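Student: sequence? don't have it. structure:
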């Protein structure tokens, strides 16, 4: 399907816009599942100022959606109406050490690069990011964590732009982190950078920890497949993958989507899957787990857009 082209309307409202604006842009190539429909408008801002400029002039009735690396995301087959923002370019991909064992990173920076930059600066405490296949923007939104560490453990503050185009800085407390989530009050904010707190460490030991994380991930997760990473949150009192396995879902298929044989909490596109296949498989897994154990699994993967 194709959405109405709003490009001329947006350009008229924001004539000094410097970023790239594309109508009906396919999003499947931007997600790790390689599924999904188009964005009505895909905007890649030049920098934070450009982002704030557009948001301050964007009609309120146009919905705004932000996507990152697409590693923890299903875009539904009908696409995403409104404005889809994908941060990239120099304005959002810089990493810089700061005084007092701190590190600042743009939200388009992949988590793994933050881990590497911290190691290069001999900063301990951020090696867990080596095991997370996403970007810092997603890490802030989801309180991403792995291998014994979480974003809440290391974040000092986050900078962003509100839907109205206002620049804001949120403290750790204002982020309201919980397990794989942040406060509802942050939903209106598009994060642009984050300040992290490390601690002085031994570079060799930090690199060894990163290697351990890498090896553990490669040994247990289907990282070479078209996947979205961890599918469901671990419920209180249980492990998602164990519940899925106990419900007989290992290897379960719907269309071109399959529950990974290697790790039950990963769904994979075996080739030719639609977003409906992937999401439908996830819902079938949820149904079977609920029926088998009584646990109601909650999606960790974000599902955006409309059905075809």
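Tutor: Okay, I see it. Just so it is clear, the model here is predicted, and its values are computed rather than measured.
Student: and this protein, what are its domains?
Tutor: Listed domain ranges for the chain are 7-89, 91-205, 222-304 (source: automatic domain parsing).
Student: Redo these as TSV? Include mean neighbour count.
Tutor: Glycine gets a C-beta too; all of them are placed from N, C-alpha and C. Converted to TSV, the domains of the chain look like this (neighbours: other C-beta atoms under 10 Å):
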stretch	mean neighbour count
domain 7-89	19
domain 91-205	19
domain 222-304	19
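Student: Just put those in JSON lines and tack on mean pLDDT and distance to residue 214.
Tutor: JSON lines is the format used below for these (pLDDT from 0 to 100; distance: least, C-beta to C-beta, whole Å):
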{"stretch": "domain 7-89", "mean pLDDT": "96", "distance to residue 214": "16"}
{"stretch": "domain 91-205", "mean pLDDT": "95", "distance to residue 214": "6"}
{"stretch": "domain 222-304", "mean pLDDT": "95", "distance to residue 214": "10"}
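Student: could these go into JSON lines alongside distance to residue 213?
Tutor: Below are the domains of the chain laid out as JSON lines (distance: least, C-beta to C-beta, whole Å):
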{"stretch": "domain 7-89", "distance to residue 213": "16"}
{"stretch": "domain 91-205", "distance to residue 213": "4"}
{"stretch": "domain 222-304", "distance to residue 213": "12"}
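Student: which other residues reach stretch 285-303?
Tutor: 72-74, 76, 142, 180, 228-233, 235, 238, 240, 243-244, 246-249, 252, 259, 267, 279, 282 (C-beta atoms under 8 Å, 6 or more residues apart in numbering).
Student: And the helices in the stretch 1-150 of the chain?
Tutor: For the stretch 1-150 of the chain, the helices defined by DSSP state H, counting those that start in this stretch occupy 7-13, 48-55, 111-120, 136-142.
Student: Looking at the ones you listed, which is nearest to residue 66?
Tutor: Residue 66 lies closest to helix 136-142 among these, at 7.0 Å (C-beta to C-beta).
Student: Run through who's touching that closest one.
Tutor: So helix 136-142 is contacted by 66, 68-69, 71-72, 87, 105-111, 114, 129, 132, 134, 144, 151, 155, 158, 175, 180-182, 186, 191, 193-194, 300 (C-beta under 8 Å, 6+ apart).
Student: cutoff 6 Å now
Tutor: Contacts to helix 136-142, defined as C-beta atoms under 6 Å, 6 or more residues apart in numbering, come from residues 68, 105, 107, 109, 111, 151, 158, 180, 182, 191, 194.
Student: Restricted to strands, list these.
Tutor: Residues of these located in strands (DSSP state E): 105, 158, 191, 194.
Student: could you check the distance from the closest residue to residue 226 other than its chain neighbours over to residue 21?
Tutor: Among residues not flanking residue 226 along the chain, residue 269 sits closest, at 3.9 Å (C-beta to C-beta, 6 or more residues apart in numbering). Distance, residue 269 to residue 21, by C-beta to C-beta, to the nearest Å: 29 Å.
Student: just residue 33 next, same as before
Tutor: In terms of C-beta to C-beta, residue 33 sits 25 Å off from residue 21.
Student: How about residue 1?
Tutor: 20 Å.
Student: now residue 222
Tutor: Taking C-beta to C-beta, one finds residue 222 at 36 Å from residue 21.
Student: same deal with residue 268?
Tutor: 33 Å.
Student: one step back: next step: the contacts of stretch 285-303 restricted to strands.
Tutor: Short answer: these in strands (DSSP E) are 73-74, 228-230, 259, 267.
Student: closest one to residue 216 among the domains of the chain?
Tutor: domain 91-205 (6.6 Å).
Student: what about the closest one, how long is it end to end?
Tutor: Terminal residues of domain 91-205 are spaced 32 Å apart (C-alpha to C-alpha, to the nearest Å).
Student: To residue 212, which of the domains of the chain lies closest?
Tutor: Across the domains of the chain, closest to residue 212 is domain 91-205 (C-beta to C-beta), at 8.0 Å.
Student: This completes my enquiry, with thanks.
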